[in-house]
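1. Sequence and predicted structure, then a few things I'm wondering about:
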Amino acid sequence: MAYIDDSQNISTHAREARVEDYLALLKPRVMSLVVFTALVGMVVAPVGVHPFVGLIAIFCIAVGAGASGALNMWYEADIDAVMSRTANRPIPGGRMVRDDALVFGIVLAAFSVGLLGLATNWVAAGLLAFTIFFYAVIYTVWLKRATPQNIVIGGAAGAFPPMVGWAAMTGQISLDAMALFLIIFLWTPPHFWALALYKKSDYAAAGIPMMPNVAGERSTQNQIVVYSVLLTLVAFTPVLTGLVGWFYAVPATILGLGFSVLAVRLRMAEGAEMRRRARTLFVYSLYYLFILFLALLADVGIIRWFGAV
């Protein structure tokens, strides 16, 4: 396609990148959510967190997330150039040579994994390495352009951070850590499919087989409802494992009901109203995950400080 050649020309003749361009490669918005969920995984783990070790672990996870972002932008420079929300990224924007992003991502990946292994344990380091590989290779290179299930399977990459944080503190993976993974895993499809519904034309122009473009809007709306209900139910898994109590269960109930209601309202809409409601659900999903994990953090803190409640 013509846009691939255009992006290659841009990256070949790019001017010298600035510091802010390298920072943009790290996908700071995505990184902030990764860091937060990883931090929650660390803090709720049933061991004390040494401040210095915890700081290094969070730093490594953040750098690893940044490495994934850089490798993703290196590989997707062609499709980034034709999507409105990504056209101004460093490579398609003509501010960075494409291969510089590749080298930058590889160096960051090796550094973050090695330092995390030395500072904490190699279980956490191995999980971080697998997370980077999963996002950069399994999702970005293979799944994203091959199947409308790209987000469902690829969502695992964004669900690993709390497990990495947990493993960094404990050296193992438990049912509690897997429960945190499952919450984010089920949150990812309705989150990104809502985005895909109101950015459908962007994905069509880029040739990405997102669910609305392949299966249609109605099928996507139906699946968003199903995943939203599953998410609402699975969000109670940490309660069942005994990790948290009612202080988490109450907001989890309210947030889950809100998510499901918005999903059902989206299912009932068409045309411009459907796109408006899809955007509303997308924004809500960001607050949902943040507040849910904040409630998880608060609940564990209350139990540790004041005993079981």
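-> Thanks, I have it.

2. Can you report how many residues lie near V214?
-> 14 (other CB atoms under 10 Å). Just so you know, the C-beta spots here come from the backbone N, C-alpha and C atoms, and that holds for glycine as well.

3. Relative to N222, how far out is it?
-> Here V214 is placed at a distance of 14 Å from N222 (CB to CB, to the nearest Å).

4. domains of this structure?
-> Here the domain assignment for the chain is 1-172, 174-309, based on automatic domain parsing.

5. among these, which gets the worst mean confidence?
-> Ranked by mean pLDDT, the domains of the chain bottom out at domain 1-172, with a mean of 88.

6. Please identify the helix or strand for G93.
-> Secondary structure assigned from DSSP states H and E places G93 in neither a helix nor a strand.

7. What sits closest to it if chain neighbours are left out?
-> Nearest residue to G93 in three dimensions, chain neighbours excluded: A87, at 7.1 Å (CB to CB, 6 or more residues apart in numbering).

8. wait, isn't that neighbour in contact with D78?
-> No. At 11.6 Å, A87 and D78 do not qualify as touching, with contact defined as CB atoms under 8 Å.

9. Looking at the two, which is more packed in?
-> Set side by side, A87 and D78 show unequal neighbour counts under other CB under 10 Å, the larger going to D78 at 20 against 13.

10. Any buried residues in the host helix or strand of that one, and which?
-> Counting by DSSP H and E, the secondary-structure element that holds D78 is helix 77-80. Applying a neighbour-count criterion of 16 or more other CB atoms under 10 Å, one finds A77, D78, I79, D80 buried in helix 77-80.

11. repeat for stretch 122-136
-> 123-125, 127-136.

12. try stretch 18-30
-> Within stretch 18-30, judged by 16+ other CB under 10 Å, the buried ones are D21, Y22, A24, L25, L26, K27, V30.

13. out of these, who's nearest L195?
-> For L195, the nearest member of the buried residues of stretch 18-30 is V30. The distance, counting by CB to CB, is 12.8 Å.

14. Help me confirm that the closest one comes into contact with A62.
-> No. Under the criterion of CB under 8 Å, V30 makes no contact with A62, lying 10.6 Å away.

15. now the closest residue to N150 other than its chain neighbours: how far from P209?
-> On the basis of CB to CB, 6+ apart, the spatially nearest residue to N150 that is not a chain neighbour turns out to be L143, at 4.2 Å. With distances taken as CB to CB, L143 is found 10 Å from P209.
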